[in-house]
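Trainee: sequence plus the predicted model coming up.
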Amino acid sequence: MPARTDRATDPDLLAGLLLARRGQAYFSRKLSELPNARLDAPSLVPGWTRRHVVAHVGLNARALTRLTEWAGTGVETPMYASPDQRDQEIEFAATLPARALRNLSAHAAVHLDVEWRDLPGEAWRAPVRTALGRVVPASETVWMRTREVWVHAVDLDNGGSFADFPAELIDALLADVIGAWHRRLGSAGLPPWVLEPVDREHAVPVGLPVAGPRTAPDGATGTVTLRGTAAALTRWATGRGSAGVLASGVGEVPPPPRWL
Ligand code: ZN
């Protein structure tokens with residue numbers, strides 16, 4: 001019989017599920033505030049309308065449902081058949097009538113949540129593979145969904161803001177982005193930036209520190225300090241603009257490396 005409450009008992013996992021569900025509620029609320037006539041407008045994702053964002057977030061829930069089912073059954077069901085298939089599916093779903101698009105978003109989210117709720121404690125550790133080929137425990141699907149729903153709620157561009165995000169989400173997102181940069185570029189391949197969130201205790205170094213004076217006289221080389229609220233710095237790091245971020249020495253805030 002299906003459980004009415006989560007079968008997972010690990011406190012960290014339950015806290016993660018709560019954050020994912022709050023994010024889903026946030027995304028669903030922003031979407032419900034958008035009338036159909038405004039779905040065709042551009043989103044904050046370059047080249048994507050709001051329809052594409054809604055389609056992608058719905059299809060992402062289906063893909064993560066497949067990973068959760070994989071963990072529960074041991075039968076391999078990848079997120080997507082291929083990157084091309086993923087992109088085509090988004091393009092197609094984006095053309096759905098508004099009502100069907102909203103149904104996709106809502107139903108896919110509920111289905112994922114049911115699969116999560118019913119996944120037994122030990123199955124959360126089962127290995128599954130992400131679309132990028134990383135092998136992760138099934139519990140990682142919770143964070144994968146969390147970052148999608150919160151960040152894409154902002155991408156709908158109808159009032160969602162990183163300033164609304166819980167502090168623990170902001171910190172986890174920033175760590176996720178910097179971790180992704182390091183995996184792809186290595187410490188030596190990253191600019192010598194230091195992020196200084198004004199509302200946190202600690203600065204966050206990015207890349208290797210520069211030997212010698214922290215800022216060269218011409219400001220063109222050396223360490224660049226980026227200052228702003230943790231939310232503003234995280235927004236910048238995810239590639240969604242540099243509003244509220246100030247750069248020492250160089251004046252202009254440098255563009256961040258790609259995140260995902
Ligand atoms: Zn996404």
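Mentor: Okay, I see it.
Trainee: and the gap between the residue nearest to Glu91 when sequence neighbours are not counted and Ser187?
Mentor: Nearest non-adjacent residue to Glu91, counting by CB to CB, 6 or more residues apart in numbering: His52, 7.7 Å away. Quick note: C-beta positions are derived from backbone N, CA and C, even for glycine. Distance of His52 to Ser187, computed by CB to CB, to the nearest Å: 34 Å.
Trainee: more crowded one of those two?
Mentor: A direct count of neighbours by other CB atoms under 10 Å for His52 and Ser187 places His52 higher, at 20 against 13.
Trainee: how about the helix or strand harbouring the more buried one as CSV, C-alpha atoms only?
Mentor: Using DSSP states H and E, His52 falls within helix 50-73. Output of helix 50-73 as CSV, limited to C-alpha atoms (Å, rounded to 0.1, in the frame of the first residue of the first chain):
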residue,chain,number,x,y,z
ARG,A,50,8.4,31.1,-20.7
ARG,A,51,6.7,28.1,-22.4
HIS,A,52,10.1,26.5,-22.9
VAL,A,53,10.9,26.9,-19.2
VAL,A,54,7.6,25.4,-18.1
ALA,A,55,8.0,22.5,-20.5
HIS,A,56,11.6,21.9,-19.4
VAL,A,57,10.7,22.0,-15.7
GLY,A,58,7.8,19.5,-16.3
LEU,A,59,9.9,17.2,-18.4
ASN,A,60,12.7,17.4,-15.8
ALA,A,61,10.3,16.1,-13.2
ARG,A,62,9.5,13.2,-15.5
ALA,A,63,13.2,12.5,-16.0
LEU,A,64,13.9,12.5,-12.3
THR,A,65,10.8,10.3,-11.8
ARG,A,66,12.5,7.8,-14.1
LEU,A,67,15.7,7.9,-11.9
THR,A,68,13.6,7.4,-8.8
GLU,A,69,11.9,4.5,-10.3
TRP,A,70,15.2,3.1,-11.4
ALA,A,71,16.4,3.3,-7.8
GLY,A,72,13.3,1.6,-6.5
THR,A,73,13.2,-1.3,-9.1
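Trainee: for it, list every residue counted as buried.
Mentor: 50-72 (16 or more other CB atoms under 10 Å).
Trainee: and the helices in this structure, which stretches?
Mentor: Under the criterion DSSP state H, helices of the chain are mapped to 11-32, 50-73, 83-93, 98-118, 140-155, 167-185, 230-237.
Trainee: how much space between Arg235 and Trp116?
Mentor: 28 Å.
Trainee: what are the pairing partners of the least confident helix or strand in the chain by mean pLDDT, and which direction each?
Mentor: Within the chain, no helix or strand scores below strand 204-206, which has a mean of 91 by mean pLDDT, DSSP states H and E. Sheet pairing here is set by DSSP bridges, and for strand 204-206 it gives strand 193-197 (antiparallel).
Trainee: may I see the buried residues of the partner strand?
Mentor: 193-197.
Trainee: next one: stretch 134-142
Mentor: 138-142.
Trainee: for the record, mean pLDDT for stretch 5-16?
Mentor: For stretch 5-16, the mean pLDDT works out to 95.
Trainee: got the end-to-end distance for that stretch?
Mentor: 15 Å (CA to CA, to the nearest Å).
Trainee: what does that stretch contact?
Mentor: Here stretch 5-16 makes contact (CB atoms under 8 Å, 6 or more residues apart in numbering) with 17, 116-121, 124, 139, 142-143, 146.
Trainee: name the residues of it that are buried.
Mentor: 6, 8, 13, 16.
Trainee: same check on stretch 189-209?
Mentor: So, applying 16+ other CB under 10 Å, buried residues of stretch 189-209: 190, 192-197, 200, 204, 206-207.
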